[in-house]
Each structure stands twice: as C-alpha cells, then as structure tokens.
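Asker: this one's sequence-less:
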C-alpha cells in the first residue's frame, strides 16, 4: 500500500476528504446561480443542460490530465468495462443532471437542494441490499433521519412547501435515485480502474449525451459568454473533477453507506456559501443548527461499534 492509499483509507483523513468534497459541491450552488445570469440562461432549460454538458466535458479532460500516469486506455479496458463506464456515465452524469436541471426549472432552488439530497438516503438504503458489510442498523436510521432533518431545517421558512409535481419534485427524486445507482456502479469500477479514470470516462460519456440532448431539444440552446462566466465555468469544471475523482477514490476503500452520508453537508455548505457570496441570500441561526444536526447524523452512521 503506497502513501496515497494509506491516506485515503485512513478513517480521519478520509472523513476530512469527504467533507472537502461536500464543500466543493456545495460551492456549486452560488457559482451556478451567478453563471446562469452571466450566460443568459436563467430561464432556458436547454441552455442549462448544455452548460452542464460543457462543464463535465471539461472536468473529464482535467481528470485525464491528472491521471496521465495511469495505464488504463479504451483499448486495454475491454468491452465489459467500457459498457459499465458508459452505464455509469448515463446514471451519474446524464440522468442525474438531466433530471436535476429539468426539475429545478419546475420548482424552487431551495426545495431542489432538499430533494436532491434524497440520493444520500437512497444510497444508504441500497447499500443495505447490495453489500453484506454495509447493513442498516438502528444507529444508521438515526443518522439518516437526523441528517435529513438538518437539510429540511436549513431551508425551512424560505420558499419550501409540500407541493408535488412529477416534472418538478418528482424529477428531483429521480436525481437522487440515479445518483444512488451510479454510486454502486462507481464503487464496483473503482476496484479495477484508477478512480480518476473512472470519473473521467463516465463524465466524458455522460457529458456528450447531455450536450446531444440539449441540441436535439425543441428549445435550441445559446450561451452568452462573458469573462466572469468563463471563470465560473472553469471553476465548476475544476470542482467537479477534484470532488468526483476523490469521491470515487473514497468509495474504493470505504463502505458506500458510511461515505455517502457526508453528502448531507452539500446543501448546508451551499447555503452558507450562498449567504456569503450572494447578496440576495442571508445567514441565519437555522443554518448553524442544521449543520449541527447533519454532523450528528454523520457521526452516528460512522461511529465505530464494538
């Protein structure tokens, strides 16, 4: 086991890395809100899907650069591994972000952050049936419920409501389901292929499909490029490359259910960063309390039981 493997497999370091990934993903909320304005696609769903496709295509290219020493190539992988990577790209990038951006267009951003977090819940449930060493327990149920309570609390009193539509709230739940199935496939692939390459190939396949969907839609996408928009696009690609690459590395050495619970931090960190960088957002005591609940949930799921 080399130095990197020792770090990524260590419980403390892996927890810090998972928190860092969640904060990076959380930073996407304010970044994308500003990017939508810069690219003139606040009301254009196809434009958002195209932007997502470009973002993940660039992220894939960055990951290929990061993993240049890796020996995996399309020719060496074989048809079976390529088919799994294509399937991963469909679930983790194409379906997840297709449902997310379309669902987001038909509901509030606040509710979207809550419902998109359902992927964490689905993943812990799915892990119970897929993995023999990652079963649900009373402590994990407490952690899940506490984490979900924190996510709802951080958004309570804004524009959160219990209204439900298939193409709004339903699509966001599909986002969580696609993410859960994608995580299972990613964990399987990371055992045989370098995690950065797994992430790179799935993003490449998934992003190409996203861009194709954007261009064959009835609403032809257009992006108004600006200097700030370019910087934001570059940052969003960078955060996706780093967060997904490290996340797949974590999945290789740890139980999926225990690592995925850290994703409850994403909407909380997104709310905090939005309050810092967006003038229309504000910081409240509920964010602190929500972060406390999420922390308790994470601790409960990852607590070592004698």
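Answerer: Arrived safely. Values in this document were obtained by computation on a predicted structure and should not be read as measured data.
Asker: what are the ranges of the helices in the stretch 201-306 of the chain?
Answerer: Per DSSP state H, counting those that start in this stretch, the stretch 201-306 of the chain has helices spanning 227-253, 256-260, 265-277, 285-302. These are given in chain order.
Asker: can you list those in CSV and add distance to residue 178?
Answerer: No exception for glycine: its C-beta is placed from N, CA and C like everyone else's. Written out in CSV, the entries for those read as follows (distance: least, C-beta to C-beta, whole Å):
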stretch, distance to residue 178
helix 227-253, 14
helix 256-260, 14
helix 265-277, 16
helix 285-302, 22
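Asker: what's the nearest residue to residue 27 if we skip its chain neighbours?
Answerer: Using C-beta to C-beta, 6 or more residues apart in numbering and skipping the chain neighbours, the partner closest in space to residue 27 is residue 273 (5.3 Å).
Asker: I'd like the distance between the one you found and residue 5.
Answerer: For residue 273, the distance to residue 5 (C-beta to C-beta, to the nearest Å) stands at 31 Å.
Asker: top helix in this structure by residue count?
Answerer: Of all the segments of type helix in the chain, defined by DSSP state H, the longest one is helix 11-39.
Asker: report the residue spans of the stretch 151-300 of the chain with pLDDT below the cut-off.
Answerer: Screening the stretch 151-300 of the chain residue by residue with the criterion pLDDT under 70, one finds the ranges 151-164, 280-291, 293-295, 297-300.
Asker: redo that, cut-off 90
Answerer: For the stretch 151-300 of the chain, the stretches with pLDDT under 90 are 151-198, 214-225, 249, 251-300.
Asker: end to end, how far does stretch 37-51 reach?
Answerer: Using C-alpha to C-alpha, to the nearest Å, the end-to-end distance of stretch 37-51 comes to 12 Å.
Asker: follow-up on the earlier one: OK, contacts around the residue nearest to residue 27?
Answerer: Under the criterion of C-beta atoms under 8 Å, 6 or more residues apart in numbering, the contact list for residue 273 reads 23, 26, 27, 29, 30.
Asker: let me have the residues you listed in a markdown table, adding distance to residue 176, neighbour count and pLDDT as columns.
Answerer: Formatted as a markdown table, the contacts of residue 273 follow (distance: C-beta to C-beta, whole Å; neighbours: other C-beta atoms under 10 Å; pLDDT from 0 to 100):
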| residue | distance to residue 176 | neighbour count | pLDDT |
| --- | --- | --- | --- |
| 23 | 20 | 18 | 90 |
| 26 | 16 | 24 | 83 |
| 27 | 20 | 21 | 87 |
| 29 | 16 | 22 | 78 |
| 30 | 22 | 20 | 83 |
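Asker: neighbours of residue 17, just the number please.
Answerer: When neighbours are defined as other C-beta atoms under 10 Å, residue 17 has 20 of them.
Asker: and residue 7, by the same measure?
Answerer: Burial measure for residue 7: 15 neighbouring residues, criterion other C-beta under 10 Å.
Asker: make sure it is actually in contact with residue 15.
Answerer: No. Assessed by C-beta atoms under 8 Å, residue 7 is found out of contact with residue 15, at 11.7 Å.
Asker: okay, the contacts of residue 273 in TSV with distance to residue 131 next?
Answerer: Formatted as TSV, the entries for those read as follows, by distance: C-beta to C-beta, whole Å:
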residue	distance to residue 131
23	27
26	27
27	30
29	31
30	35
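Asker: any idea which of those is closest to residue 268?
Answerer: For residue 268, the closest of these turns out to be residue 26, at 7.2 Å, with distances computed as C-beta to C-beta.
Asker: distance of that closest one from residue 241?
Answerer: In this structure, residue 26 and residue 241 are separated by 16 Å, where distance is defined by C-beta to C-beta.
Asker: same thing with residue 270?
Answerer: Looking at residue 270 against residue 241, where the rule is C-beta to C-beta, the gap reads 19 Å.
Asker: ok, residue 27 next?
Answerer: Taking C-beta to C-beta as the measure, residue 27 and residue 241 are separated by 14 Å.
Asker: residue 276 too?
Answerer: Between residue 276 and residue 241 the computed distance is 23 Å (C-beta to C-beta).
Asker: in terms of neighbours, single out the busier of the two.
Answerer: Residue environment comparison for residue 276 versus residue 241 gives the larger neighbour count to residue 241, 26 against 10, counting by other C-beta under 10 Å.
Asker: was I right about the more buried one contacting residue 62?
Answerer: Yes. In terms of C-beta under 8 Å, residue 241 counts as a neighbour of residue 62; the distance is 4.0 Å.
Asker: nearest spatial neighbour of residue 63, chain-adjacent residues omitted?
Answerer: The shortest distance from residue 63 to any residue that is not its chain neighbour, by C-beta to C-beta, 6+ apart, is 3.6 Å, and that residue is residue 200.
Asker: now residue 40
Answerer: The shortest distance from residue 40 to any non-neighbouring residue, by C-beta to C-beta, 6+ apart, is to residue 224 (4.0 Å).
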